[in-house]
Structure formats: structure tokens, C-alpha cells
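[1] Got a predicted structure here, sequence first:
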Amino acid sequence: MTNNDVFTVTDEERDLIDGVARRVVGDPPAAIDERRWVDTCRAAAAELPVRVRQRLREFSHDPGDSGALLVRNLPGGARRPTPTEAGSVERVATVDAAVIGMLSMQLGELIAYRNEKSGALVQNVVPVPGKEEQQSNAGSTRLAMHVENAFHPRRPDYVGLLCVRQDHDRVAGLMLSCVRRVVDTLPEEIRAVLAEPRFVTQAPPSFGQDGRAPRHAVFTGEPTDPDVQVDFHATSGNDDEAKNALEVLHEAISGAVETLLLTPGDLALVDNRVTLHGRTFFTPRYDGHDRWLHRTFVHLDHRRSRAMRTRTGHVLA
């Protein structure tokens with residue numbers, strides 16, 4: 001990432017954000033998934049320091065060639081053991097949850113999916129015993145590069161990942177690779193194939209697709225600056241040309257990977273339309289001090305998902 005892709009909050013700004021976050025948490029702490037908390041979080045986002053709001057607005061306007069923004073020195077940090085259960089989520093507000101909620105809502109509206117993490121708006125990314133080799137947020141093996149929920153017609157526009165606790169060995173890395181940096185290196189015929197509906201992406205079993213995945217293009221929109229829809233673990237080509245094009249893209253994306261070692265107080269905001277992300281291998285100990293991230297999903301246009309949720313809801317069917 002360039003210096004322009006890293007935004008460090010000053011200590012004074014950090015204290016201001018902490019104060020706003022504590023009001024969002026409430027006394028007693030509010031329930032995160034209730035409409036009242038979401039409304040409070042949205043309103044509080046307007047109280048973030050001006051410089052922070054300006055930088056987030058710049059990022060939503062144009063994510064740059066990295067398609068990601070790293071915000072550093074945010075308040076919070078682990079005050080309890082890292083969860084170890086599958087499907088772990090945050091239900092009761094904390095400073096960390098309020099921070100990621102407010103900054104996410106400067107970009108758009110929080111969303112979740114009913115069939116993923118029980119529809120929670122603030123989710124935990126933690127290693128789970130017995131799932132080490134799983135290609136999911138519960139694993140600790142290398143996670144294949146992907147856009148979040150590549151199979152879904154209403155994928156998140158942004159993914160937020162806030163570091164609550166780093167792994168013991170400080171080697172677990174967030175891998176990022178932006179299609180903007182590789183599209184010009186791809187042969188014209190490869191780009192043409194990627195822009196045709198000759199690919200399918202399988203959904204997790206919880207989404208009930210039953211193998212009937214619709215065909216889609218990997219590249220859509222402006223050919224020289226496309227949006228990308230691919231998960232290199234779950235996407236496949238429907239013919240030899242498509243399979244070859246996917247392999248060429250995978251090689252290009254892999255060659256442009258940047259790895260971030262997130263530390264507590266770091267928030268990575270990833271533009272899910274142009275940037276793929278993954279995870280490096282690490283070794284969990286399941287002792288209450290393993291790697292722990294909070295995750296949010298954001299839509300720029302809340303109206304776009306109206307058919308999949310209630311009018312005032314944030315959880316998509």
C-alpha cells in the first residue's frame with residue numbers, strides 16, 4: 001500500500017472517537033442488531049473527527065489502485081478472551097463494535113446475511129478448533145483470494161476488518177490484491193473471456209444453492225477498470241477457455257498480493273468490487289489470546305437490496 005492508503009488517527013482524534021463510541025455503547029450496553037443501535041451508530045458517525053470523515057469520503061469516492069484503506073490508531077482492544085466457538089458474533093455493544101460500526105456507516109449502510117453468522121451485523125473472525133484447514137473465516141490455513149460472498153447477487157460493496165487482537169506469532173496477514181493493478185497486464189483475449197457469463201461460483205451449503213449456481217462474468221462494467229466477481233476456491237470456468245482465463249487471472253492476482261499485518265486498533269476497509277482479499281497461514285493456540293478481528297459488510301445503496309430484506313431491516317434473506 002502507498003502512504004496515501006494508510007491513514008493514522010492522531011491521539012487527540014483517537015480520544016474523541018473513543019468518547020463517541022462509549023456513548024454508542026450505552027449504559028447498559030445496547031444490543032447491536034436492534035434498529036435503535038444501528039440508528040444511534042449512524043447518527044454518531046457524523047460526530048467523528050472532521051479529518052477522519054473527509055478521508056473516508058475520499059475513499060468511497062475513489063478507492064485508488066489498492067482498493068483498500070488502512071485506518072490506524074483507533075481505540076478499543078481485547079478485554080476478554082478470544083472466542084473459539086463457530087459462528088461467533090458480537091451481540092452486545094463494545095467500544096470496538098461501535099468503532100467499526102461508525103466508520104463503516106460513513107461509507108454506507110451495514111448489512112448482513114441471514115444464512116451467515118445468523119445475520120449478525122458485527123461478526124468475529126477467529127480460529128475455531130477442528131476447522132484449521134477450512135476455507136473460511138474459522139480456519140487458520142492460507143485462505144484463497146476472493147471477493148466477499150462472490151456467489152451472491154447483492155455482495156457487499158465494502159468489507160471492514162478491525163483488529164481486536166493479533167495472533168501470538170504476529171504472522172497472520174491480511175492479503176490484498178486489486179484488479180486495477182493487473183487488468184492492463186492481461187491479454188485482450190483473456191479479458192474478453194472473463195467478461196462473458198462463462199463462470200459459476202458455488203455458495204456455502206448454508207445458503208441452499210444445491211449446486212444450481214447461475215452463470216456470471218468475472219469482469220463487469222468498464223473493460224479497462226472492471227468490477228470483479230471471483231472466489232478462487234469456489235469459482236470455476238464452464239469450458240476450457242474460461243478455465244484458462246481464470247488461471248491467468250489467478251496468476252496475475254497472486255503476483256500483485258500485498259500482505260498487511262494488522263495490529264490492535266487497525267481497521268482495513270476493502271472495496272469488495274475491485275479488491276480481493278485472503279489470509280496467510282498462522283498457528284492458533286486456543287488459549288484465549290488468538291487472532292481476533294471484527295468484520296462488517298457495507299452497501300453503498302441500501303435501496304438496492306430492498307427486495308431481500310424488510311423496509312427497516314439490515315439482514316438480507
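    Cool, got the structure.
[2] Distance from stretch 108-124 to the middle of the chain?
    Distance of stretch 108-124 from the chain centroid (CA atoms, centre = their mean, to the nearest Å) equals 11 Å.
[3] Endpoint to endpoint, it covers what distance?
    Across stretch 108-124, the straight-line distance between its terminal residues is 20 Å, by CA to CA, to the nearest Å.
[4] Buried residues, it. List them.
    For stretch 108-124, burial by neighbour count (16 or more other CB atoms under 10 Å) applies to 108-113, 115-117, 119-124. To be clear about C-beta, it is placed using only N, CA and C from the backbone, and glycine gets the same treatment.
[5] likewise stretch 130-148?
    Within stretch 130-148, the residues that qualify as buried by neighbour count (16+ other CB under 10 Å) are 131, 135, 137-141, 143-148.
[6] so can I have a markdown table of these showing distance to residue 41 and secondary structure?
    Below are the buried residues of stretch 130-148 laid out as a markdown table (distance: CB to CB, whole Å; DSSP: H, G, I helix; E, B strand; the rest coil):
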| residue | distance to residue 41 | secondary structure |
| --- | --- | --- |
| 131 | 30 | coil |
| 135 | 31 | coil |
| 137 | 22 | coil |
| 138 | 26 | coil |
| 139 | 30 | coil |
| 140 | 31 | coil |
| 141 | 34 | coil |
| 143 | 28 | strand |
| 144 | 32 | strand |
| 145 | 30 | strand |
| 146 | 27 | strand |
| 147 | 25 | coil |
| 148 | 21 | coil |
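[7] Just the ones of the buried residues of stretch 108-124 in strands?
    Counting by DSSP state E, the part of the buried residues of stretch 108-124 found in strands is 109, 110, 111, 112, 113, 122, 123, 124.
[8] is it true that residue 174 touches residue 263?
    No. The criterion here is CB atoms under 8 Å, and residue 174 misses it with residue 263 at 11.3 Å.
[9] who's more crowded, those two?
    Using other CB atoms under 10 Å, the more surrounded residue of residue 174 and residue 263 is residue 174, with 23 against 13.
[10] ok, and the closest non-adjacent residue to the more buried one?
    Nearest in space to residue 174, with sequence neighbours left out and distances taken as CB to CB, 6 or more residues apart in numbering, is residue 260 at 4.6 Å.
[11] Count the neighbours of that neighbour for me.
    19.
[12] For the buried residues of stretch 130-148, please prepare CSV with the additional fields pLDDT and distance to residue 225.
    Formatted as CSV, those follow (pLDDT from 0 to 100; distance: CB to CB, whole Å):
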residue, pLDDT, distance to residue 225
131, 94, 37
135, 94, 29
137, 94, 29
138, 94, 34
139, 95, 32
140, 96, 35
141, 96, 33
143, 97, 26
144, 97, 24
145, 98, 19
146, 98, 20
147, 98, 16
148, 97, 20
